[in-house]
Structure formats: structure tokens, C-alpha cells
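Visitor: Take this sequence and fold it.
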Amino acid sequence: MASNSKDQFSRNSSRSLQHLSLLLLLVNSAAFAQDVGFARGSDFAQNKPLAGFSTSPTEQEQSALEGLGSIVGKVVDQSGVSIEGVVVTLTREGEPTGHDALTNGDGLFSFTSVRPGPFHLTVKHPGLTPLEFSGTLEPGQAFVPPLMMLKVATVVTEVHVELTAEELATVQIKEQEKQRLFGIVPNFYAVYDPQPMPLRPKHKFELAWKSSTDPFTIFAVGAVAGFGQASDQWSGYGQGAAGYAKRFGAAYGDAAIGTYLGGAVLPILFKQDPRYFYKGTGSKPSRVLHAVMSSVVTRGDNGRTQINYSNIIGNMAAGGISNLYYPSSDRHGARTALYTGLFRLGETAVAAIFQEFLAPKSNPRTRPAAQERPFGSEF
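Guide: Alright, predicted model coming up:
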């Protein structure tokens, strides 16, 4: 009996606990529902955050995203054809580096999510002239710059032409060959350039040829032959046309042989310059001495002062060769060679004095610059 009572009590207690747990669960659910309903009717309805939570960073990010814009453009060449692979660089103030974009097959490029404000575009492609563009992007704007046309780059080539020593000497010789006294008399062997280039062998022969074949030279030889005919010089040649022709041949032989020997052959052999170097400065006596000494002293191809073997030996040799065509009655062997050589040396000295003082004034093409030391030393 007692055992039955205990069992009945246990069952009743268990039911009571289940009823109590169910009651507590219903109370808690009602309270939660009341709290949620309150929240919905207040903060949620007004889009306000729940207590203890903040959405400020999300709002800032949303605001920033709404202000970003884009830049889209196109690049073509001069013919209007789209260019692929062009590098377009976007730079902005306050940013240490720029952003690059490449054009596609249609020549299009784009920059997205770009902050508003001033910007600068640089467009570059090998072989084409770079192009730049500046603009201002408004908040949320899709900016389209003008069509960007790249032109073929202009190639500037600098060519520095420097004449060789031989070419420069050729130029100087060509200028010398234009020198004439009073516009008539050839003055090819005078140098007024303060820094003349040394002559090559071909230049020396060229001057000799120009001088010996010049019309004035032939006219002068004819005049000498005429005076010799009139004074019956070299009487062995006789008179008449035959006598004049012989005298003309002898006079021209003296001039041509002397010019080639003293102006080309021997200067090449001794490596000397056969020209007269204008001084133009100093006292008159020093200039006269310079002119007179030029017949026996000259400048070598190396620029140094040397004994003028070319002029001395050339004139002596010309006198000796003249014995081959002078009349037998006027041949005197070594005496003729010495006499002719000394006479020719005297002629070159007188001609040098004329070159130093009078020739520059009578040569309209010549405005000589003063030379401090024509031969590298003073005579």
C-alpha cells in the first residue's frame, strides 16, 4: 500500500515539473516576442542600428562608391586607324605614381573607380609623338576625352660634316686660284689664311699647271719675246716670225720649267711649301726682311721653317736646262745657270715685297687676316 502511495507521488511530481518547464518556456517566448515587436516599432522602423552596433564605416564606403567615376577614350593614328597596345597613363595630384592602361584592338582604354577631381593623361607608343590631355572628373561622371590622334614622330638627324686635311687644303687651293691682282694678274701662290693647310703633291702640281697655262702668263711670255726681238736679244734666233717663235719658246720654257721645278717637283721631293706666306704685321723693315728672305727660306709641309731648297735649286736647274735651247752663242755653261738662277732668286724677292705691301690692296678678293708668325719664327 505504502509502495503504491510513493509511486503515485513520484508520478505527480514529474508532471508538475513538466508543467512548470512549459510555463517558463511560454513566458520567455512572450517576452522575446515583446522585445522584437518593440524593436521593429522603433529602431528598425526608423532604420536605426540596434543598441551596441554601428554601421558608420559602411555608410562612408557607400558614399565614396557613389562618388567614383570613370574615364574612357580611344586612340587612333593619323589615318584614323585604331592603335592597339598604346600605353595610357593616368596621374592625379597627390598620388606618387600613375596608373597605366593599354588600348585594345579597337584602340579603346578605360579607367574605372576613379576619384573625382583634376587628372592628367599621357599617351605613348613607340615611333609616335606622345600626346597629353588634362581634365576634371566630376563625382559619378563617365568622362570621355576627345579622340586622341598620335602622329608619326619627327626624326631630327644632325649631320656633322668635317673636312679632312686634304679636303680642306683643296678648298683653300680653289680659293687661291681665284686670286688675281687688279682682277687680271694671277696671284695663285700667295697665302693670306693665317692657318693654311699643308699641300699634297697633287695640289702643288695643280698650282704649277694653273700658273703656267694661265692666259696672262702666255701674254706676258709673248711680251718678253717681243722685247727680246726688238732688242735683238739671243741674236742667234734671228729675226722675223721664226726668230720671234724661238724667243717665245725660250721665254716660255724658262717660265714653265722654273714653275714646275720650284713649285711642284722639288717641293714634293723636299716636302716644302712653294707659296708665299703673307705677314701683314710688325714694322716695315721686318716685313721687308720677311719678304726678301722668303726666296731662300720657306715653310716645310710639317710647318717648320726650312731653307728654301726648292726655290734655290729649282732656279739654278732652270738656268742649266736653258742651255739646251738657247742659241750656241748665248750658252755659257755653268755661268749661264748661275746667272739665270741668281736672277730668278732676285725676281722672287722683288715679287715677295710686292706681295707683302701692294698685292693685298690690288686683289679685290683678298682681305687678309694678320698673321703673327707666318713661318713659325721671325727672320
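Visitor: Only C-alpha atoms from now on, for both contacts and neighbour counts.
Guide: Noted.
Visitor: Share the number of residues neighbouring residue 219, please.
Guide: When neighbours are counted by other Cα atoms under 10 Å, residue 219 registers 11.
Visitor: Centre of the chain to whichever strand or helix holds it, how far?
Guide: In the assignment (DSSP states H and E), residue 219 maps to helix 215-230. In terms of Cα atoms, centre = their mean, to the nearest Å, the gap separating the centre of helix 215-230 from the centre of its chain is 54 Å.
Visitor: what do you get for stretch 162-169?
Guide: Average the C-alpha atoms of stretch 162-169, do the same for its chain, and the two points are 18 Å apart (Cα atoms, centre = their mean).
Visitor: So for it, mean pLDDT?
Guide: Here the mean pLDDT over stretch 162-169 is 83, rounded to a whole number.
Visitor: related to what we said a few turns ago, which of the residues in the helix holding residue 219 are buried?
Guide: Taking 16 or more other Cα atoms under 10 Å as the basis for neighbour counts, the residues of helix 215-230 that come out buried are 217-218, 221-222, 224-226, 228-229.
Visitor: Specify which member of these is nearest to residue 273.
Guide: Closest to residue 273 out of the buried residues of helix 215-230 is residue 217 (21.5 Å), distances taken as Cα to Cα.
Visitor: What sits closest to the closest one if chain neighbours are left out?
Guide: Residue nearest to residue 217 in three dimensions, not counting chain neighbours: residue 211, with 7.1 Å by Cα to Cα, 6 or more residues apart in numbering.
Visitor: For residue 348, give its distance to residue 79.
Guide: 74 Å (Cα to Cα, to the nearest Å).
Visitor: more neighbours, those two?
Guide: For residue 348 against residue 79, the residue with the higher neighbour count under other Cα under 10 Å is residue 348, and the figures read 20 against 9.
Visitor: host element of the more buried one?
Guide: Under DSSP H and E, the secondary-structure element containing residue 348 is helix 334-357.
Visitor: For that helix, which outside residues touch it?
Guide: 190, 276, 278-280, 287-288, 291-295, 311-312, 314-323 (Cα atoms under 8 Å, 6 or more residues apart in numbering).
Visitor: In strands only, show me those residues.
Guide: Within the contacts of helix 334-357, residues falling in strands by DSSP state E are 190, 276.
Visitor: Give me the neighbour count for residue 99.
Guide: By the criterion of other Cα under 10 Å, residue 99 has 12 neighbours.
Visitor: With the one 3 residues further on instead?
Guide: Look at residue 102: counted by other Cα under 10 Å, it has 16 neighbours.
Visitor: Pull the contacting residues for it.
Guide: 84-88, 109.
Visitor: I'd like the average pLDDT over stretch 147-158.
Guide: The predicted confidence, averaged over stretch 147-158, sits at 80.
Visitor: Check stretch 100-120 too.
Guide: If you average the pLDDT over stretch 100-120, you get 93.
Visitor: Then stretch 341-350?
Guide: The pLDDT scores in stretch 341-350 average 82.
Visitor: likewise stretch 198-218?
Guide: For stretch 198-218, mean pLDDT rounds to 94.
Visitor: buried residues in it?
Guide: Neighbour counts using 16+ other Cα under 10 Å place 198-200, 203-209, 211-212, 217-218 of stretch 198-218 among the buried residues.
Visitor: how long is that stretch end to end?
Guide: Taking Cα to Cα, the span from the opening residue of stretch 198-218 to its closing residue is 28 Å.
Visitor: from the chain's centre, how far out does that stretch sit?
Guide: Its chain's average C-alpha position is 36 Å from that of stretch 198-218, according to Cα atoms, centre = their mean.
Visitor: Check stretch 101-116 too.
Guide: The gap between the average C-alpha position of stretch 101-116 and the chain average comes to 41 Å, counting by Cα atoms, centre = their mean.
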